[in-house]
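[1] Sequence unavailable; structure follows:
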């Protein structure tokens, strides 16, 4: 029983982390219709920056600075290349970011080398917390809390600020938003940076529980993609819900039949798509052409 | 495109050029000594041509076609190791198994388009990757399958061809490639192929003309899966083994890349040119520089941004209508 509880908790924590990654992915996909393959490698950059910065400014400092640096990378990518794919066939953006992510993964290998690193959690978060009925890692609690905070911040931004309103309007009718005198290109760059920062934050907080290695980006990309489709493209709560479902189902299935745990998200996806072609919370979207 | 009667209907001049160049490949100095590379070029050309039925002719952006290549590779390998050690039957199996799975996946995706189509094909191809990775009893898991030898082709009393000799296998693959290329060419220029192109240009209009576009898209998906599977089976026999790596999603990206690079979206022969350039340059780059992936990724970006119609698009001056 306590084992089941342990796996359930792990699943929730993993799900929240997935949700943060997927949120950035779905934001870029929903607003710009770009399937951003660099999202995974941006996640990896977050983890690597945390690894390098930790020595100098500590984990707390890295938590602030590393995502900013990832945001800068996002800015450069968007301005140099990705903005050219807006409004084209989705394959255009997908292929471009596919090439970029391959090049960037190689850049990681050139800077940090092939072997993996481990990042230590800050001292006050080391060890476990006694919940009375079970012991659970303090750091994972912190990870979960921080993920919830990030999700709430993104929600507040999208729902409660005028800028969020413009972004949402731009996703559903970009021409009209432009006609109203809003600077759409700048808004899209901004959205891309936010997406990159979300990937970076997730990379930093994942670093202490995962091994930091060049392929970690591609490893998170596929779950993120599944979550986004499962939840419904462009749906905020859909991504959160699907993130939790994927996190929980992979974690709990490890307990019963470990070897199928990788496949479960994809099987879930196939089933959901048969029953609800637009995903759990997807609405009739402009993306379907 | 040339004369459309007599021989030209089956083998137009450009196709004959391709066949002759490939036939002479083993005799080209330097490159010719490296026959497995040549065989790989021919196999990937077949894969890219099959894939292009979907991308270039139907306009469907499948980003998971590596799955069918991989299923063909494993289909041939598993059949060889467990059922029958031969050449023809394992290859037939690679066609049958890849065809069945492509038909099933096709059912799921035939009504999708654009972003959904791309995302779902990626996701479903991952299922096959993980199955190959985890179902160790059948697929050998991480270590894969090995010992898949190329058996001789025997016709008792007449002749026997030792396929284990690289040059014999090269020509064996080339003959299959030639047959498939002619088949795909005929398919692309049949009434069926015209409907696919109509779907690419305007699916709604094709539907209003009375075509059941979902059925056509499904058929295109299944057919292109069959050719991809055959290419996978030939690849297994080339490297005498099958690994989960052949199912990796980067492989799906590679075939899209080859097709676009050569100009598959504007020219039937684009995928062949693209596959040749891709395989040879990857081989050269990786031999000289450890970080060749960087260059490779950047070339990818360059092609997508600046020559999306591919090399034959530059020469022929035709513009692709798929990416924009």
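    The structure has been received and is ready for your questions. Because the structure is predicted, anything quoted here is derived from the model rather than measured.
[2] Using the three-state scheme, assign whichever residue of the stretch 1-150 of chain B sits closest to chain A.
    Taking Cβ to the nearest Cβ as the measure, the point where the stretch 1-150 of chain B comes nearest chain A is residue B:61, at 3.7 Å. In this view, the C-beta of every residue, glycine as well, is placed from N, C-alpha and C. Classification of residue B:61 by DSSP: H, G, I helix; E, B strand; the rest coil places it in coil.
[3] ok, it - contacts?
    A:89-91, A:94, B:55, B:114, B:117-118, B:121, B:256, B:322 (Cβ atoms under 8 Å, 6 or more residues apart in numbering or on different chains).
[4] could I get those residues as TSV with distance to residue B:305 and pLDDT?
    Output for those, formatted as TSV (distance: Cβ to Cβ, whole Å; pLDDT from 0 to 100):
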residue	distance to residue B:305	pLDDT
A:89	14	77
A:90	16	76
A:91	14	78
A:94	14	87
B:55	18	89
B:114	20	72
B:117	23	82
B:118	19	82
B:121	23	87
B:256	15	90
B:322	15	66
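[5] Return the distance of stretch A:178-192 from the chain's centre.
    23 Å (Cα atoms, centre = their mean, to the nearest Å).
[6] And stretch B:87-99, by the same measure?
    Using Cα atoms, centre = their mean, the offset of stretch B:87-99 from its chain centre is 15 Å.
[7] where does chain B have low pLDDT?
    Counting by pLDDT under 70, chain B contains low-confidence ranges at B:1-6, B:30-33, B:316-324.
[8] circling back to that earlier point, kindly provide the distance from the residue of the stretch 1-150 of chain B closest to chain A to residue B:68.
    15 Å (Cβ to Cβ, to the nearest Å).
[9] can you check residue A:214 too?
    28 Å.
[10] which of the two has more neighbours?
    More crowded of residue A:214 and residue B:68, by other Cβ atoms under 10 Å in any protein chain shown: residue B:68, with 37 against 22.
[11] Give me the pLDDT for the residue positioned nearest the centre of chain A.
    Nearest residue to the geometric centre of chain A (Cα atoms, centre = their mean): residue A:21, 0.9 Å. Per-residue pLDDT puts residue A:21 at 95.
[12] I'd say it and residue A:199 touch.
    Yes: using Cβ atoms under 8 Å, residue A:21 makes contact with residue A:199 at a distance of 6.2 Å.
[13] what sits in contact with each of those two?
    With Cβ under 8 Å, 6+ apart as the test, residue A:21 and residue A:199 both reach A:39, A:43.
[14] The residue nearest to residue A:120 when sequence neighbours are not counted and residue A:250: what is the separation?
    Spatial nearest neighbour of residue A:120, chain neighbours left out: residue A:208 (6.5 Å); criterion: Cβ to Cβ, 6 or more residues apart in numbering or on different chains. Per Cβ to Cβ, residue A:208 is found 19 Å from residue A:250.
[15] Please apply the same query to residue A:260.
    Using Cβ to Cβ, which is the criterion applied here, residue A:260 is 10 Å from residue A:250.
[16] which bits of the stretch 151-300 of chain B sit near chain A?
    B:249-250, B:253, B:256-257, B:260, B:291, B:293-294, B:296-300 (Cβ under 8 Å from any Cβ of the partner chain).
[17] Give me the pLDDT for the residue nearest to residue A:120.
    88.
[18] Quick check: it touching residue A:138?
    No: using Cβ under 8 Å, residue A:208 makes no contact with residue A:138, being 11.0 Å away.
[19] Which neighbours do the two have in common?
    Going by Cβ under 8 Å, 6+ apart, residues that sit against residue A:208 and also against residue A:138 are residue A:121.
[20] quick one: which of these two has more around it?
    The residue with more neighbours, out of residue A:208 and residue A:138, is residue A:208; 24 against 16, by other Cβ under 10 Å.
[21] Would it be right to say that the more buried one lies in a helix?
    No: read with three-state DSSP, residue A:208 is coil and lies in no helix.
[22] which residues does residue A:13 contact?
    A:140, A:143-144, A:147, A:247.
[23] make it 10 Å
    A:136-137, A:139-145, A:147, A:209, A:247, A:251 (Cβ atoms under 10 Å, 6 or more residues apart in numbering or on different chains).
[24] Same check on residue A:10?
    A:136-137, A:140, A:209, A:247-248, A:250-252, A:254-255.
[25] So it versus residue B:58, what's the distance?
    43 Å.
[26] From residue B:118, how far off is the most far-flung residue of chain A relative to its centre?
    No residue in chain A sits farther from the centre than residue A:132, which is 32.8 Å out by Cα atoms, centre = their mean. For residue A:132, the distance to residue B:118 (Cβ to Cβ) stands at 48 Å.
[27] Quick one: mean pLDDT for the longest helix seen in chain A?
    Counting by DSSP state H, the longest helix found in chain A is helix A:38-80. The pLDDT scores in helix A:38-80 average 93.
[28] who does whatever helix or strand comes next after it touch, helix- and strand-wise?
    Counting by DSSP states H and E, the element after helix A:38-80 in chain order, helix or strand, is helix A:90-112. Contact partners of helix A:90-112 among helices and strands, from 3 or more Cβ pairs under 10 Å, 6 or more residues apart in numbering or on different chains; DSSP states H and E: helix A:2-32, helix A:38-80, helix A:216-231, helix B:114-134, helix B:249-262, helix B:292-306.
[29] rerun at 6 Å
    Applying 3 or more Cβ pairs under 6 Å, 6 or more residues apart in numbering or on different chains; DSSP states H and E, one finds that helix A:90-112 makes contact with helix A:38-80, helix B:114-134, helix B:292-306.
[30] Tell me which residues of it come out buried.
    For helix A:90-112, burial by neighbour count (16 or more other Cβ atoms under 10 Å in any protein chain shown) applies to A:90-109, A:112.
[31] with the contacts of residue A:13 in mind, which one is nearest to residue B:164?
    Comparing those against residue B:164 with Cβ to Cβ places residue A:251 closest, at 47.9 Å.
[32] In this structure the closest one contacts residue A:8, no?
    No: between residue A:251 and residue A:8 there is no contact under Cβ atoms under 6 Å: 7.2 Å.
[33] For those two, indicate the residue with more neighbours.
    Of the pair residue A:251 and residue A:8, residue A:251 is the one with more neighbours under other Cβ under 10 Å, namely 21 against 15.
[34] Are we agreed that that one is in a strand?
    No: assessed with three-state DSSP, residue A:251 is helix; it does not lie in a strand.
[35] For it, which non-adjacent residue is spatially closest?
    Leaving out its chain neighbours, residue A:251 is closest to residue A:11 (Cβ to Cβ, 6+ apart), at 3.1 Å.
[36] Share the number of residues neighbouring residue B:37, please.
    For residue B:37, the neighbour count with other Cβ under 10 Å is 16.
[37] now it: how far from residue B:170?
    From residue B:37 to residue B:170 the distance is 10 Å (Cβ to Cβ).
[38] try residue A:121
    56 Å.
[39] Of these two, which one has the most company?
    A direct count of neighbours by other Cβ under 10 Å for residue A:121 and residue B:170 places residue B:170 higher, at 23 against 19.
[40] The more buried one sits in which helix or strand?
    Counting by DSSP H and E, residue B:170 is found in helix B:166-188.
[41] Counting neighbours, which bits of that helix end up buried?
    B:169-174, B:176-178, B:180-181, B:184-185, B:187-188.
[42] If you count contacts, what does that helix end up packed against?
    Using 3+ Cβ pairs under 6 Å, 6+ apart, helix B:166-188 sits against helix B:35-52.
[43] No more questions from me, cheers.
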